[in-house]
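J.: no sequence on hand, only this structure:
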C-alpha cells in the first residue's frame, strides 16, 4: 500500500497560477473577517440560502434530487422525507449543520469521519452509514456510445482504514508545524480521500463536507455564505476532469495533484468574489428599489424573482417583488412568461 507524507509538499515549488490563487484568497479572507465583525447580523439570511443551495447541489451531483419546494421544506425541518432521495438529502442537511455549528470541535480523525458518514445515512434504510467499504469499488465513466469503463481503481477494502488514518495523521502533523499553506494542503487531502474512496456510497458528498470542515477549521468561512457545492455542481465536468488528471501514478505515489489544487482554489476564489458582490448590495441604507436595480445590473441573461432574493438577502420578499414591478414599469427590466415560468431580462 502507498504511504502518505504531506511534509514532502514543502519541498515542492508551485507555479504562478497556484501562488496567485493563494495570495488573492488570503486577501479576500482578511477583508471578509473585517466585514463579518461589522455586519454579522445582516448575513443570517445569506447563511440559510447557502445551506439550501449546498444541500441541493451536493446531492444533485450524485443524482439525488427532489422539488425546490420539498427541498426548502426539508432544509427548514418542516416536513418528513417521502423517499430514499429525500432521506439522503435530510442526512446531508444534518451533517452540514453539524459542521456549521461545531467545526472547531470536530478534529480530522478517522472516527469523526465515520461519525459524519453515519449521520449522512441516519434516515436511510441502507446499513452502510459509519462503516468503511466492504467491497471493491471503482470510479467509472460512460462514453458517447453508452459503454461504461473504469477510470480508476481505488484502494481495496482491507487497506482503507489504515489509509484514512494515515492521511488524517499526516494532515494534522503538517498543520501543527504550519509548514504548508492550508490552501495547498486541503485539496491534496481531499484528492487522496477521493482516490481511497473509503465508503460503499457517499464518497463525493463526504469529500465536499470535509472540504467545508477543513476550510472552516483554517479560518476560511466563505462557504458559510456562498455555496461551494453549488459552484462545483454548475461546472461538474471540470471537477471530474481535474480529478482524472491527477490520478495517474497515484498508487505508486508519483501523482501530481496540481490540477485539482488549481480547480478547488478557483472555486474558493469565485465564492469569495461573489461574497464581495453580495456585501456591496447590503452595505448602506439605500432604498430597496436601488438595491434591486444594482443587483439586476450584475446579472447576465435571464433571472427569476428567486435569483433576485438570493442576491438581496436583506430585503423582504415583498420589497423585492415591488421593486421588480417598478423596474418593469419603467422599462429597465422586461418580464417574460407567467406564473412559475416567469423570468426577467434587462433591456
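T.: Perfect, thanks for sending it. Fair warning: this is a prediction, and the values are worked out from it, not measured in the lab.
J.: show me where the stretch 151-300 of the chain has its helices.
T.: Counting by DSSP state H, counting those that start in this stretch, one finds helices in the stretch 151-300 of the chain at the ranges 160-177, 182-196, 203-217, 222-225, 228-234, 236-246, 258-282, 288-298.
J.: how about JSON lines for these, with distance to residue 53 and mean pLDDT added?
T.: C-beta coordinates here come from the backbone N, C-alpha and C atoms, glycine included. Listed next are the helices of the stretch 151-300 of the chain as JSON lines, based on distance: least, C-beta to C-beta, whole Å; pLDDT from 0 to 100:
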{"stretch": "helix 160-177", "distance to residue 53": "27", "mean pLDDT": "98"}
{"stretch": "helix 182-196", "distance to residue 53": "20", "mean pLDDT": "98"}
{"stretch": "helix 203-217", "distance to residue 53": "12", "mean pLDDT": "98"}
{"stretch": "helix 222-225", "distance to residue 53": "10", "mean pLDDT": "94"}
{"stretch": "helix 228-234", "distance to residue 53": "4", "mean pLDDT": "93"}
{"stretch": "helix 236-246", "distance to residue 53": "15", "mean pLDDT": "93"}
{"stretch": "helix 258-282", "distance to residue 53": "11", "mean pLDDT": "91"}
{"stretch": "helix 288-298", "distance to residue 53": "17", "mean pLDDT": "89"}
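J.: buried set for stretch 20-35?
T.: Using 16 or more other C-beta atoms under 10 Å as the test for burial, stretch 20-35 gives 21, 22, 25, 28, 29, 32, 35.
J.: need the residues that contact it.
T.: With contact meaning C-beta atoms under 8 Å, 6 or more residues apart in numbering, stretch 20-35 is reached by 181, 183-184, 219-222, 262, 265-266, 268-269, 272-273, 275-276, 279.
J.: cool, and stretch 273-283?
T.: Contacts with stretch 273-283, where a contact means C-beta under 8 Å, 6+ apart, come from 28, 31-32, 35, 39, 42-43, 46, 222, 225-226, 291, 294-295, 298, 311-314.
J.: over to stretch 245-252?
T.: 2, 139, 151, 152, 191, 195, 255, 256, 257, 258, 259, 260.
J.: give the buried residues for it.
T.: 245, 246, 247, 250.
J.: return the closest of those with respect to residue 110.
T.: Distance to residue 110, by C-beta to C-beta, is smallest for residue 250 among those, at 20.0 Å.
J.: may I have the phi/psi pair for that closest one?
T.: Backbone torsions of residue 250, given as degrees, to the nearest 10, read phi -60, psi -40.
J.: give me the angle between the strand or helix carrying residue 25 and helix 258-282.
T.: Applying DSSP states H and E as the criterion places residue 25 in helix 16-39. Calculated by axes from the mean of the first three to the mean of the last three C-alpha atoms, to 10 degrees, helix 16-39 forms an angle of 30 degrees with helix 258-282.
J.: got the contact list for the helix or strand just after helix 16-39?
T.: Moving toward the C-terminus from helix 16-39, the next helix or strand (DSSP H and E) is helix 44-61. With contacts defined as C-beta under 8 Å, 6+ apart, helix 44-61 is touched by 65, 71-72, 74-75, 85, 88-89, 92-93, 96-97, 100, 204-205, 208-209, 212, 223-230, 232-234, 236, 239, 278, 310, 313-314.
J.: hmm, back to that, filter the contacts of stretch 245-252 to the buried ones?
T.: 2, 139, 152, 191, 195, 255, 257, 258, 259, 260.
J.: now distance to residue 125 too, for those, in a markdown table please.
T.: Listed next are these as a markdown table, based on distance: C-beta to C-beta, whole Å:
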| residue | distance to residue 125 |
| --- | --- |
| 2 | 35 |
| 139 | 25 |
| 152 | 29 |
| 191 | 32 |
| 195 | 29 |
| 255 | 37 |
| 257 | 37 |
| 258 | 41 |
| 259 | 38 |
| 260 | 34 |
